[in-house]
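Engineer: predicted structure and sequence below. I'll ask about it afterward.
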Number of protein chains: 2
Amino acid sequence: MPYSTAKKMSNVDSEPPTKRAHTDFQSAQLAAYKGSDLELKCINTIRVLAADMVQKANSGHPGAPMGCAPMAHALWSSVAAGGAGRVHSAKSPGWWNRDRFVLSNGHACALQYVMLHLSGYEDCSMEQLKQFRQVGSRTPGHPENFCTKGVEVCTGPLGQGISNAVGMAIAAKHLGATYNTPDFNIITNKTYVICGDGCLQEGISGEASSLAGHLGLGGLIVLYDDNNITIDGNTDLAFTEDVAKRYEAYGWHVQTVGDVANGLGDLQKAIEEAKKVTDKPSLIKVRTAIGYGSPNKQGSESSHGAPLGDSEVAAVKDRLYGCDPNEKFYVPEDVAAFYKEQADEADAARVAWEAEFAKYKEAHPDKAAELERRFNHEMPEGAFYDLPKFVFGKDKANATRKFSEACLNAVAPKFPELMGGSADLTGSNCCQIKGAKDFQKHSPEGIMVRFGVREHAMAAICNGMFAYGAFRPFCATFLQFAGYALGAMRCSALSKFGVIYIMTHDSIGLGEDGPTHQPVEMLESLRAMPNMNVFRAADANEMAAAYEMALKNVHTPSVICCTRGTVSPLENSTKEKAMRGGYTVVEAEGDSAPDLVLVATGSEVWRCVDAAKALQSEHSIRTRVVSMPCQEIFLEQDDEYRNSVLPGNVPTLSVEASSEHGWHRFSHAQIGLTRFGMSGPLEELFVKFGFGAENVAAKGKEVVDFYKQRGGNVPNLNDRPHFVNFTGPDH
Amino acid sequence: MPYSTAKKMSNVDSEPPTKRAHTDFQSAQLAAYKGSDLELKCINTIRVLAADMVQKANSGHPGAPMGCAPMAHALWSSVAAGGAGRVHSAKSPGWWNRDRFVLSNGHACALQYVMLHLSGYEDCSMEQLKQFRQVGSRTPGHPENFCTKGVEVCTGPLGQGISNAVGMAIAAKHLGATYNTPDFNIITNKTYVICGDGCLQEGISGEASSLAGHLGLGGLIVLYDDNNITIDGNTDLAFTEDVAKRYEAYGWHVQTVGDVANGLGDLQKAIEEAKKVTDKPSLIKVRTAIGYGSPNKQGSESSHGAPLGDSEVAAVKDRLYGCDPNEKFYVPEDVAAFYKEQADEADAARVAWEAEFAKYKEAHPDKAAELERRFNHEMPEGAFYDLPKFVFGKDKANATRKFSEACLNAVAPKFPELMGGSADLTGSNCCQIKGAKDFQKHSPEGIMVRFGVREHAMAAICNGMFAYGAFRPFCATFLQFAGYALGAMRCSALSKFGVIYIMTHDSIGLGEDGPTHQPVEMLESLRAMPNMNVFRAADANEMAAAYEMALKNVHTPSVICCTRGTVSPLENSTKEKAMRGGYTVVEAEGDSAPDLVLVATGSEVWRCVDAAKALQSEHSIRTRVVSMPCQEIFLEQDDEYRNSVLPGNVPTLSVEASSEHGWHRFSHAQIGLTRFGMSGPLEELFVKFGFGAENVAAKGKEVVDFYKQRGGNVPNLNDRPHFVNFTGPDH
């Protein structure tokens, strides 16, 4: 087909004829294509740009971008141009009411970077596309929200993105219900997702999708890249279920689009339908071909995770209308102009919205101010004023989960952005905000989320809510079941999402439920994770510190570990001391250095206090007790403070009813667990496993005697060089 | 209804009239009941025994046992008596061809203990029922396979049991296909599951069920306790999907039974149907009432997780036919007789099977011997003879994942019990056994399992295969995605299932895929877990050690961590040295103690070797390099050996491209990660993050200088007391 007869798009002129005639392949493609020639050219430009990026990086995933390019085109085009009419802003990527987009199959990120580039997002300049997957680039190997503006969440670990999107849709629905007024619709955005087979095989996506169906999350629109291929080969190998039927069973609105390679009409119709459905999330199953356009690799897993090869990329360009085998990283002018126009239109919505918001602000100044505060993550006035102060000798002993409940309820009225709940353990986790309504299909203004028995999705949904902005999500389960949610909790830490995890039943002190439910390794697992603060408060004052620190650390998730059983109160604890991560809660008698330091957390601290008393009275061993509610924050303190609390050259015994693995840093000897727990009443277990005050005292004496026998030669644990290898930026 | 007119079971006489007249409630229940009076009495006996156990323990879950008792009755009754005709043996609980039973809703374990008691299992004597949830009992708070004979797996963490059962069904299908002959059917067992809403909300069960449908696992029969109640309340709160339709979408055979409280006829019919379906797993959705019989708590979440209370238990007995409010832990004689008869019949199948197996053994001595060896977990002859030996200077450098592939392929021909595969990363994980067929619906004799992108279910399925017996399952993914599978990996460790986890791409050395895929905390997470051996081999000889140790440690799971990138070979490594967990791979020059010890794992060891050379030649710092392929095994060595490798009083620098969290135990200073990684080529990342030989040498010199400035006063890391608090049995 000669260029001059090529179909035109109505609203954009095509570029002048290229010097190069179309190849027969290209002409055939154009002839078969049901849309405009520019549309096809746009889609092909995306395909070959992604292939170029992977080729230059010599690493990456070309197949999915090439197959998904038509969907991306639809999601970055106006309704008039045959697209979804998604609104967003390259000029203001954080615009509150943007339609969120999540690339759940994050390995296809070349696609996202190309679209951000074509739409004028600064972080995805052509130079950055050429730096794909290189150290320090804005175009890393999987999408990273903290690295690239226009990317909402970290995706790549399969199933996370679609589950994050459920969180975003919850956030939008709740925020709209809370801040829209009869006269103003300020929050109206939709959430779009592209995901692949991998995401839908992961259990997390099933959990999140079941909940999304239950909640009737209209405005969540998922395009399922049904390409029949996984890394190992055809989906016939392992994935032959009826996905559409499964999503219908979840209560979703489900549509099937037979093919997008030869025209977007059916997809556009399906998206339009989906946008009309306000009481259900939508799945649009789209048949695509992985590596579309590659003569030797289309439809094969060989196009999934490796560069196509130079000659194959050239062959792709030879086949795809509008492409030139002699060009690399090439965007035809008409294509660039088209996407600029789309981006401008998408941004015009933002401009209009800002004008609207200015009026809203006038009419509803309090609501507007609160929204601004929430999106800016500013602390509300008097945020922590109502946190309980425990008065020793007056207030009652209790389980730290009850203290957590008191703290949560003390801050909740100040922080409407606190929204969350439990994975079906609301009562046990003590995480009900008193008087708060459930967030349900017909009560979107509620702030308590009933996550169901879905720990992994729960954490990912909280990530999505945080990513949306204006939320400090919290969620709860037994600490042991953090092991179910770790994939998503890690994403909180990596993505700098200050989700608050309330994890109760934090040791063998869980008691009769036994070792399947008693955490042993979990505290250490979480402590080994970068950018994760793990709190284990010993009493109410320390719990207040945990909540204050958790809320103030907006970009660090926190795990607040709580006991099931009652702890005795500490005479000298204060919130302020606890906010340094570790402090002396009982000082040894006399002015000189103590004979022994006991360092403990949570429910073991009061036992150490009792042991210290016994050591003093029975053996005149002058014992300091250090409470260490948060190792991470303690390690952030200066040397002088740390050495003043843990001198290093005084025999030190750590006591934690959990793995002793990481305690060697702080202590000469450890009382910890090197085995799993056991079913039985909690006090019996504490004694049996050596955490009773009596054994702590006995072992404390042993430690002192051990070094006495060595002439007081105590290895100084603080006298070590410390290396921080790399503290540069994350990208 | 007077006793004398009560319906009779055909094959068992009822007991003589009790002294106590039936209450009106009891009479009404009997009148409404469609089965025999003894059947109802049996079921009610189960209900009140469970309630008594929870009441005496003052802790536990009465509601589910009371609701599920009819299902349990069916599963422990012969076909003639209206049951499933499940075969098993109290006399020989490990009988290979027993029909497995998994209580996936493990919190209902009082039910399982009651059934084991009534069936004559020694571990569940009446005394043990009274010791429910007490320290040292055989009746812990959730089922534990290592504690109670008759319990197949640890359940309680929701979703694990049903996923384990998928593994058992795979195991049975494969073993039958492999060892049955035209003349003998030795392996014919079925796998029965009871599970609740909680299990079906968890993503892991969706993953496992999708795979089970794909594989067409006939013989897997799941009874779904559809009681409409979760811990937080009605399932309307969070779980309103159409479960039956979802399971149909997975390719299961699905049936619905409206009610079992008033008769077992429909359930028996459904079970009979399910048993006939050989090409699909079966889900039978059974409507039950939680806490059945409790006047104030039936149908309510209040009966879920706490004792009913003494008066309520009495009221239950007052309502349920055949029960006596004045009795506790009471089994009527006719009920006892009935279950004894059922148990005898179930065991008769075992006796007949043993006779059959004796003939099989005669006809097929090799197959029989191999089966026996497999079930006894004996090492095959010459098991490790073919493990590769790396010859320095002759063999080629490679990635340790390639060495893992070589080792796997070296042992696989000897160990037909090695069955497994990857979560859709077979090529990347290098875990294909050459020439081995896939285990698929129509090739059950295959040993490669295509798990799909389902890490959590993969691990749980391997647990189920191990629990079945006769298997050493292995599975594979990227190390980072152990975070998706941790819930099940922990069950491997707790349950003493020697599953082999092949985890590749084990550090920032994964490269361009970036921080979402680069493990940082994962090694430490796994090391903190009891009964889990974590290997990180530095070369081919160490990899051989990892495989030999993994296979020999039948009751300890192993994680074999592998590099993506090439490692340089080590001159002095041997399998034998590596089998001690840590050893000196390069000794410092001269006879006296070294000036510095570098201790490292995996891909960092050869870099330390290079650094040691530089330290010697440039600074005359005499440096020992210690390779530590497995901390856990090193820690099991005697003090003398450990001190000979890591003297403790020589400046020691650990180098691992991972969290430094636990290394303080072994080293004075650490090169490790305290942040997430970054996308980029792997060698660039190693250098950037301080793991290049140059930085290791520089930091090594700093450590030496640091202590020189302190007059050579090096804190002795080995001079510490070590406490092992409790080493008793697990129950």
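Structural biologist: Yep, that arrived. Numbering: from 1, shown residues only, chains lettered A, B, ... in the order given.
Engineer: run the chain-centre distance for the strand or helix carrying A:A476.
Structural biologist: Using DSSP states H and E, A:A476 falls within strand A:472-478. Its chain's average C-alpha position is 13 Å from that of strand A:472-478, according to Cα atoms, centre = their mean, to the nearest Å.
Engineer: report all helices and strands that that strand contacts.
Structural biologist: Packing partners of strand A:472-478 (3 or more Cβ pairs under 8 Å, 6 or more residues apart in numbering or on different chains; DSSP states H and E): strand A:418-422, helix A:426-429, helix A:455-468, strand A:500-504. In this view, the C-beta of every residue, glycine as well, is placed from N, C-alpha and C.
Engineer: and with 6 Å instead?
Structural biologist: Under the contact definition 3 or more Cβ pairs under 6 Å, 6 or more residues apart in numbering or on different chains; DSSP states H and E, strand A:472-478 sits against strand A:418-422, helix A:455-468.
Engineer: quick one: contacts of the shortest one?
Structural biologist: When contacts are taken as Cβ atoms under 6 Å, 6 or more residues apart in numbering or on different chains, the neighbours of strand A:418-422 outside the stretch itself are A:412, A:429, A:431, A:447-451, A:471-476.
Engineer: angle of it against strand A:472-478?
Structural biologist: Comparing the axes of strand A:418-422 and strand A:472-478 via axes from the mean of the first three to the mean of the last three Cα atoms, to 10 degrees yields an angle of 20 degrees.
Engineer: same deal with the last one?
Structural biologist: Counting by the same axes, to 10 degrees, helix A:455-468 points 170 degrees away from the direction of strand A:472-478.
Engineer: quick one: average pLDDT of helix A:455-468?
Structural biologist: Averaged across helix A:455-468, the pLDDT comes to 98.
Engineer: format the CA atom coordinates belonging to that helix as CSV.
Structural biologist: Extracted in CSV, the C-alpha atoms of helix A:455-468 (Å, rounded to 0.1, in the frame of the first residue of the first chain):
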residue,chain,number,x,y,z
GLU,A,455,-2.3,-11.6,54.8
HIS,A,456,-0.3,-11.2,51.7
ALA,A,457,-2.9,-9.2,49.9
MET,A,458,-3.6,-7.2,53.0
ALA,A,459,0.0,-5.9,53.0
ALA,A,460,0.0,-5.2,49.3
ILE,A,461,-3.3,-3.4,49.5
CYS,A,462,-1.9,-1.2,52.3
ASN,A,463,1.1,-0.5,49.9
GLY,A,464,-1.4,0.6,47.3
MET,A,465,-3.3,2.8,49.7
PHE,A,466,0.0,4.5,50.7
ALA,A,467,1.1,4.8,47.1
TYR,A,468,-2.2,6.5,46.4
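Engineer: quick one: stretch A:490-510 near chain B?
Structural biologist: Yes. Counting by Cβ under 6 Å from any Cβ of the partner chain, chain B is contacted by stretch A:490-510 at A:490, A:494.
Engineer: rewinding a little: sheet partners, orientation included, of the strand holding A:A476?
Structural biologist: strand A:418-422 (parallel), strand A:500-504 (parallel) (DSSP bridges).
Engineer: now do the buried residues in the first one.
Structural biologist: Going by neighbour count (16 or more other Cβ atoms under 10 Å in any protein chain shown), the buried part of strand A:418-422 is A:418-422.
Engineer: okay, the residues you listed in JSON lines with pLDDT next?
Structural biologist: As requested, the buried residues of strand A:418-422 are exported to JSON lines (pLDDT from 0 to 100):
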{"residue": "A:L418", "pLDDT": "98"}
{"residue": "A:M419", "pLDDT": "98"}
{"residue": "A:G420", "pLDDT": "98"}
{"residue": "A:G421", "pLDDT": "98"}
{"residue": "A:S422", "pLDDT": "98"}
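Engineer: from the contact counts, what lies against the lowest-mean-pLDDT helix or strand in chain A?
Structural biologist: Ranked by mean pLDDT, DSSP states H and E, the weakest helix or strand in chain A is strand A:229-230, scoring a mean of 90. Strand A:229-230 makes packing contacts with no helix or strand when contacts are defined by 3+ Cβ pairs under 6 Å, 6+ apart.
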